[in-house]
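Undergrad: need a 3D model of the following:
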Amino acid sequence: MKIPMVACAAAAALLMHGTALAVGNVAYVSQTGGEPWGMPGNVNALDDVFGAGNWNRLDFPTAVGDGLWDYDFIFMDGGDGANDQFTSFVNTHRTDMENWVDAGGSLLINAARWSDGSDLYLGMDITLHEGASDTGTALDLTHPIFDGPYGYTGDFFDGDYLAHDWLSGDGLTELMRGDNGMPILVEKVYGGGNVIAGGLTLPFFGEHNLWSDNCDEFHRNLLAYGYEVPAPGALALLALAGCVRRRRR
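TA: You can find the predicted model right below:
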């Protein structure tokens, strides 16, 4: 028996979040007074995925007071001029961030830092290290960030620099590796939630001719996946309901 797509979509929403996410449950946090690198890539991708006005822009120094931990999906970019604010935020709110993810939050935390060579412990057994990479290679092309709603990306990404930092830690799934041989994007289930951590120069993705064209689709797939990432075990339940099928190429 075929299961209607509407029923599967409803089941997915219930399994992933308990109920469908309300508009406005997406927070983007970055530096005060502008975008990292002066590039609009994050803003344009957020508008494309969620719609203008359906996500909220917060600043690192005031985000917690503005209700940061009330959101379901948080995207942080601490690159370039956001370095100091990002580092201060992480050092001040690391435990709060861990507790929020553990309680079921979905976090995308990314920073292509500039002029900061020190290691930064992000929490959740993940550490950010300095180390630039011009290119990135996808390690699992079946992952939704490479084969998602905005298109199939292929496995090779090129930029100048595509990433400024790399990640290490326990229990990480590597998603993309740089030409420095190190992981520049990783994922981890943490308690009841999920974290994706990267060192990518995301504000340039889809905005600059030195970045490969597939960076556009990747950036949007990444945000869509971060918002819809299932809680542990949800995909198995969807499979049992007959709502998950292998895609054919």
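Undergrad: now for the closest residue in space to Gly206 that isn't next to it in sequence: which residues touch it?
TA: Leaving aside its sequence neighbours, Gly206 sits nearest to Asp216 (Cβ to Cβ, 6 or more residues apart in numbering; 3.4 Å). Where C-beta positions appear, they are placed from N, C-alpha and C, glycine not excepted. Neighbour list for Asp216: Tyr150, Phe205, Gly206 [criterion: Cβ atoms under 8 Å, 6 or more residues apart in numbering].
Undergrad: cool, Leu167 as well?
TA: Ile126, Thr127, Leu128, His129, Met182, Pro183, Ile184, Leu185, Val186, Ala197, Gly198, Gly199.
Undergrad: now do Leu210
TA: Asp158, Gly159, Asp160, Phe204.
Undergrad: distance-wise, check the residue nearest to Gly206 relative to Phe89.
TA: Look at Asp216 and Phe89: by Cβ to Cβ, to the nearest Å, they are 28 Å apart.
Undergrad: sorry, back to before: out of the contacts of Asp216, flag the one nearest to Asp47.
TA: Proximity of the contacts of Asp216 to Asp47 (Cβ to Cβ) peaks at Gly206, which lies at 11.6 Å.
Undergrad: I'd guessed that closest one sits against His219; true?
TA: Yes - between Gly206 and His219 there is a contact at 5.5 Å, judged by Cβ atoms under 8 Å.
Undergrad: got any residues that touch both of those two?
TA: Common neighbours of Gly206 and His219, using Cβ under 8 Å, 6+ apart, are Gly41, Ala45.
Undergrad: quick one: which of these two has more around it?
TA: His219 (28 against 22; other Cβ atoms under 10 Å).
Undergrad: if we can go back for a sec, which member of the contacts of Leu167 is positioned nearest Glu98?
TA: Nearest to Glu98, judged by Cβ to Cβ, of the contacts of Leu167 is Ile126 at 10.2 Å.
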